[in-house]
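In: turn this into a structure:
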Amino acid sequence: MEDGVSLTSPTVGRGIHQADTGNPENHNEQELRAEYQARLCSKLLSRKRPVAPTRRPGVYDDVFESYAQARNRREFLDNIVTMLRHMTDCRCLGIRLVTPAGDIPYECFTGFSEEFWRKENCLNLGRDHCVCLRVISGQPAASDKKAMTPAGSFYCPNSTDFISGLTPQDLNSYRGVCVESGFLSIAVIPIQHQGRTVGAIHLADETPSILSADQLTTIESLAAIIGELVSRFNEFKELEASNQRLEQRISELAHVGNEFSRGYQRERTRLAQRMNEHVQQLMVCALFAIDAAARTIPQGKGSDLLAEADRVLREALAESRGLTSDLCPPVLYEFGLAETLHWLAGEAQREHGKTVEIVVEEGGEPQDLPVRLMLFDVLRQVLHSTASKEGADKIRLKLEPAPDEHIRLEVSAEVPQDSEGENSDVGRRLNIDACLTLIGATTKLTRRKNRTARVIFAPKKLDK
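Out: Numbering: from 1, shown residues only. A predicted model of the protein is given here:
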């Protein structure tokens, strides 16, 4: 019989965990885990440990070393089972852990037969009655108390003598599987963490009085440490599960964001085309009709009204064309983002009197219209914010390709130190961040001496 088993199957023997050394990502994960475990182990080792007489002064260090080397909870407990078996010479040993449903299966064990495992692995705190259950729940029966220790453990050095001293009514409180299996020495030591019992160490052997008082006290002391370390593995496992749920949620939100972005930009394009091809054409036709009517009406009050209608309608047409340009600039739709940068530079010149230098490198054009439209909106806001700053000079707008099918956009300018900072318009900054998030883009603000730059990394196309 070998020294320990992982409870992936009822096979007796030690479970062997092989590391996947062929994947570079696993190397990084193992290095991070090792670093985390080393820091935690150092922290735990610095705490005051319970002192108990033992024939193995290094047993506590063995527990922490097992924790530091194990890659997961099961491997750690396999190591503990092996260590305790060597320490006690007990043939059968297992560690139970309480599940959220109140079950207490063996997380790992050694020595027990498959038949024993099948009978004992399905116990539940709310359904069954036996010593293991009462030790974990902290509610020993009256008949248990003569075998209970001050630490809450149950140790029976000779089960035959123990059973012979029970009344027929007391016998109903015991399943008797250990006795039927021929075990004379039986011990159940609770594993506690922060005042709560999270499991138990179960030892059994056909030899009477297999454990000395010193060994039992040592195992009780170790159980508290094991409970702390098991909780660390549980926390790490919960953290990994939370990270997986978070990554899944982020993926779902990114997909929803992409769909929203596509739908939003399609609607903008549709509205712009409808205004250009229908509403504005109707306005032009109305202008022609007003012009024709004005030629047939003599000068007077009627002609003045037609002239006012002509003025208002031309103003509405100009506003409509401006709105169409904002929704979907024809130059962006027809020629792409690179050409639109020159259009934005002209707008900054007209509105703020600032000259903008444009630098476009080959290969920096986004492939998807939704990406171009969203970046157009963002660049317009950033350029307006930059050009409107008092003293802003030497404004530069650069578009260039970036690795991994991305592009890099940079809006930079020389801005005096005492000019309004980026935090002066929180609403605009949050809007820019939200827009970029929809297309999977990121942004950062840098400043060197008097030159401030907003750098944007965006994908050339949205993921399908």
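
In: where is the longest helix in this protein?
Out: helix 213-274 (DSSP state H).

In: quick one: list the elements packing against the helix or strand just after that helix.
Out: As assigned by DSSP states H and E, the chain's next helix or strand after helix 213-274 is helix 280-296. Counting contacts by 3 or more C-beta pairs under 8 Å, 6 or more residues apart in numbering; DSSP states H and E, helix 280-296 packs against helix 301-327. Any C-beta I mention is one placed from the backbone N, CA and C, and that applies to glycine too.

In: let me know the angle separating the helix it packs on from helix 213-274.
Out: In terms of direction (axes from the mean of the first three to the mean of the last three C-alpha atoms, to 10 degrees), helix 301-327 departs from helix 213-274 by 150 degrees.

In: nearest residue to Leu332 other than its sequence neighbours?
Out: Leaving aside its sequence neighbours, Leu332 sits nearest to Thr340 (C-beta to C-beta, 6 or more residues apart in numbering; 4.4 Å).

In: was I right to think that neighbour contacts Tyr333?
Out: No. Between Thr340 and Tyr333 there is no contact under C-beta atoms under 8 Å: 9.3 Å.

In: coming back round to it: separation between the residue nearest to Leu332 and Pro329?
Out: 6 Å (C-beta to C-beta, to the nearest Å).

In: please apply the same query to Gln281.
Out: For Gln281, the distance to Pro329 - C-beta to C-beta - is 19 Å.

In: which of the two has more neighbours?
Out: Taking neighbours as other C-beta atoms under 10 Å, Gln281 and Pro329 compare with Pro329 leading, 21 against 11.

In: residue contacts, that one?
Out: Pro329 makes contact with Thr340, Trp343, Phe376, according to C-beta atoms under 8 Å, 6 or more residues apart in numbering.

In: closest to Ala387 among the residues you listed?
Out: Nearest to Ala387 out of the contacts of Pro329 is Trp343 (C-beta to C-beta; 14.3 Å).

In: quick one: contacts for that closest one?
Out: Shown in contact with Trp343 (C-beta under 8 Å, 6+ apart): Pro329, Val331, Leu332.

In: can you list the domains in this structure?
Out: 5-16+23-246, 262-327, 330-459 (automatic domain parsing).

In: run through the protein and note the low-pLDDT ranges.
Out: 1-57, 258, 261, 301, 417-425, 464 (pLDDT under 70).

In: could you pull out the strands for it?
Out: 5-6, 92-97, 106-110, 154-156, 185-193, 196-205, 356-360, 393-402, 406-414, 442-448, 451-459 (DSSP state E).

In: would you mind giving these as TSV with distance to Asn172 and mean neighbour count added?
Out: Listed next are the strands of the chain as TSV, based on distance: least, C-beta to C-beta, whole Å; neighbours: other C-beta atoms under 10 Å:
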stretch	distance to Asn172	mean neighbour count
strand 5-6	32	23
strand 92-97	22	25
strand 106-110	24	24
strand 154-156	17	22
strand 185-193	18	24
strand 196-205	21	22
strand 356-360	87	16
strand 393-402	75	17
strand 406-414	72	20
strand 442-448	68	12
strand 451-459	70	19
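
In: I'd like the ones you listed laid out as JSON lines, including distance to Ser212.
Out: Converted to JSON lines, the strands of the chain look like this (distance: least, C-beta to C-beta, whole Å):
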{"stretch": "strand 5-6", "distance to Ser212": "26"}
{"stretch": "strand 92-97", "distance to Ser212": "16"}
{"stretch": "strand 106-110", "distance to Ser212": "21"}
{"stretch": "strand 154-156", "distance to Ser212": "11"}
{"stretch": "strand 185-193", "distance to Ser212": "11"}
{"stretch": "strand 196-205", "distance to Ser212": "13"}
{"stretch": "strand 356-360", "distance to Ser212": "82"}
{"stretch": "strand 393-402", "distance to Ser212": "69"}
{"stretch": "strand 406-414", "distance to Ser212": "68"}
{"stretch": "strand 442-448", "distance to Ser212": "64"}
{"stretch": "strand 451-459", "distance to Ser212": "67"}
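
In: out of those, flag the one nearest Asp214.
Out: strand 154-156 (12.6 Å).

In: so what touches that closest one?
Out: 131, 134-135, 140, 144, 147-149, 162, 185-188, 211, 216.

In: and the residue nearest to Leu332, what does it touch?
Out: Pro329, Val331, Leu332, Arg372, Phe376.

In: was I right to think Arg134 contacts Ser143?
Out: No. Arg134 lies out of contact with Ser143 (C-beta under 8 Å); the separation is 10.2 Å.

In: who has more neighbours, the two?
Out: Arg134 (20 against 17).
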